[in-house]
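> Okay, sequence plus prediction incoming.
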Amino acid sequence: MADRLRTHVAVIGSGPGGAVTAALCAEAGYETLLVEEGDDLPLDACAHFSGDEILRKYRNAGIGMAFGKPSISYVEGCCVGGGSEVNRGLYHRTPPYVLEQWAKAYRVEQLSPDLLAPHFAACEGTARIAFLPGSAPPLSQRLGDGAGELGWETIQAPRLYDYESGRKQSMSATFIPRFRRAGGQVMANMRALRIRRNGKQWHAATLHQGREVTIEADALFIACGAVQTPALLRRSGFRHNVGNSLRFHPMLKAVALFDRPVNRPGDPDPVHQIKMFEPRFGIGCSISSPALLALALAGSPQMRRRIAADAARMGIYYVQNGTGHARVRGLPLARDPLVSVRHEGGDLDDLYDGLKHLMRALFAAGAEAVQPCLPGFPMLHSVDELASLPGRLPRRSAMLTSVHVFASCPMGEDRRLSATDSWGRVHDGDGLRIADASLMCGPTIANPQGSVMAIAHRNALHAIERRFA
Amino acid sequence: MPADFAATVRALAETVALREQGASGRSEAASRFVLDSFAGMPAYLRPPLRAATLLFDAWPIVRRRRPFHRLPPAERLRQMESWEASPIGAARMLMTFYISLSLFGLWPDEDPHG
């Protein structure tokens, strides 16, 4: 490969934001290069949620940590297709109240539910968003039953999933083939080191198989994800509101033991969710393989001892909210940035209250026992035993995990708060654009992939209409 | 007998496997998963984690004249559980890291998800 690559448009990062952006640019007739740090692997290259997948498709072997009290461990994808390759593909449009809040607080222009609806629709067509046909698996249905007993509403979330072929969908199966059909080129195993403006071009210094390769582009989109995008921008001298406001959807989990099998091999992934308490917290159910049960119960030996005999009767459930405000900062000579997080007391209390709501729903669904996945917490055998739990979440034992990271470079016209304008253009960045979850202005509580794709779609069309000015 | 990082990881995985009831995976696969995870984790986390692991391995040398990885299984289990319940947060975190990853490696996930 040459030391220099020349293109009209370069998109750094191939997750949901980057893949959508690159596909639209290529289809608009621009020579487009999509750069990805990780490997280019087929969707089925390794079993979903396996150790092999974690080592090959996750960033840093699935080990990411935001340090705080409590810390949050988080995961990100690192392969062509990014996080869409490794997540469950649960899909939601951004709730209208969230969009209204962002538009008001950050002064984001033209971000109403009505104006964003065509962008959601356009992405949903390609990404194959579908509802589970037929009835949900028992592990999922139990959450619905428990909520129903308590008078709470549930929904069944759609997913990026082709239920006819029985195949999960992702960017590598949808938008990236569309990008390639339009003539776009994917460069995998290429890590962006820094970017700079050179005359009328952008130059991105990258590392590819141990060699430095410079990409020269007329237009540049950064879509490396909510941790790596601010890290790259800060390394390159862009710091205004960059990396100061990273957010998560931290989760607490509980494992329920039911009276009969709910967790059968080959069942579809669970889809029930309780959304009526959002934004304080949202509740859902997880894949509950023996390996994931063991991981969830790492600090709970009593329930863990049941896995060998009773995994089929066990299910993992979670509650999540938006607690934690984090900063992303580079470290001298280190490849990965340091992430530090602080929590508002009220948000942690809400999350803990959500865990208690979740456990109430599980007992109402007929659980014989429920184990909160917090070290030192007892296994509970009735809803009355909830009263014996600590009144507040002990920060010492809180084990928060998150599979969503976002909002590290929020968009909007209020320069006091935002890193870009309403369309993802970095303030004073000479046309440099961000096209990933970094642009979100805060938590959605729901899975943010739909929001990321729709906002990227909206912003890419805006950029193309203006010839990237 | 000096402390040995890889041997300590293997010994920890064996100890977790010994304590786990019914896990069908092998401790060799679990320790390989832990070592691969260590190799892939952020570079700035590796030196402190390696140092803490070597300290854990060297801990019994004064009283037992052997590092952790050379102790008999019952004594390894005792040391692992005492660090697991330690009042020192860093000691607990170290054990949480190794036990969680070992557990994941000990329960192979062979069923397809969809």
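Good, I have the coordinates. Bear in mind that the values here come from a model prediction, so they are computed numbers and not experimental data.

> what about the spatially closest residue to A:Gly322 that is not a sequence neighbour, distance to chain B?
The shortest distance from A:Gly322 to any non-neighbouring residue, by CB to CB, 6 or more residues apart in numbering or on different chains, is to A:Pro443 (3.0 Å). C-beta coordinates here come from the backbone N, C-alpha and C atoms, glycine included. Separation of A:Pro443 from chain B (CB to the nearest CB, to the nearest Å) stands at 24 Å.

> A:Pro443: neighbour count?
Other residues lying near A:Pro443 total 24 when counted by other CB atoms under 10 Å in any protein chain shown.

> Give me the average confidence score over stretch B:5-25.
For stretch B:5-25, mean pLDDT rounds to 92.

> After the helix or strand of chain B with the lowest mean pLDDT, which helix or strand is next?
Within chain B, no helix or strand scores below helix B:61-64, which has a mean of 91 by mean pLDDT, DSSP states H and E. The helix or strand immediately downstream of helix B:61-64 is helix B:73-84, counting by DSSP states H and E.

> buried ones in that next one?
Across helix B:73-84, burial judged by 16 or more other CB atoms under 10 Å in any protein chain shown covers B:76-77, B:79-80, B:83-84.

> just stretch A:114-128 next, same as before
Under 16+ other CB under 10 Å, the buried positions of stretch A:114-128 are A:116, A:119-120, A:122-124, A:126-128.

> Leaving out chain neighbours, which residue sits closest to the residue of the stretch 301-450 of chain A found nearest chain B?
Closest to chain B within the stretch 301-450 of chain A is A:Ala308: 2.2 Å, counting by CB to the nearest CB. Leaving aside its sequence neighbours, A:Ala308 sits nearest to B:Gly22 (CB to CB, 6+ apart; 2.2 Å).

> What residues does that neighbour make contact with?
A:307-309 (CB atoms under 8 Å, 6 or more residues apart in numbering or on different chains).

> Just the buried subset of those, please.
Among these, those scoring as buried are A:Ile307 (criterion: 16+ other CB under 10 Å).

> What about the contacts of B:Gly22, which are in helices?
Within the contacts of B:Gly22, residues falling in helices by DSSP state H are A:307-309.

> would you list those residues in JSON lines and tack on distance to A:Val328 and pLDDT?
Formatted as JSON lines, those follow (distance: CB to CB, whole Å; pLDDT from 0 to 100):
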{"residue": "A:Ile307", "distance to A:Val328": "37", "pLDDT": "94"}
{"residue": "A:Ala308", "distance to A:Val328": "41", "pLDDT": "92"}
{"residue": "A:Ala309", "distance to A:Val328": "44", "pLDDT": "94"}
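
> wait, which of these is closest to A:Gln110?
A:Ile307 (50.7 Å; CB to CB).

> Might you name the residue of chain B sitting closest to chain A?
Using CB to the nearest CB, B:Gly22 is the residue of chain B that sits closest to chain A, at 2.2 Å.

> Provide the secondary structure category for that residue.
Here B:Gly22 is recorded as coil under DSSP: H, G, I helix; E, B strand; the rest coil.

> Tell me how far it lies from B:Arg50.
Look at B:Gly22 and B:Arg50: by CB to CB, to the nearest Å, they are 32 Å apart.

> and the angle from the longest helix anywhere in chain B to helix B:73-84?
Looking across chain B with DSSP H, the single longest helix is helix B:89-106. Interaxial angle, helix B:89-106 versus helix B:73-84 (axes from the mean of the first three to the mean of the last three CA atoms, to 10 degrees): 130 degrees.

> can you tell if helix B:89-106 touches chain A?
Yes. Helix B:89-106 is in contact with chain A by CB under 8 Å from any CB of the partner chain, via B:89, B:92, B:96, B:99-100, B:103-106.
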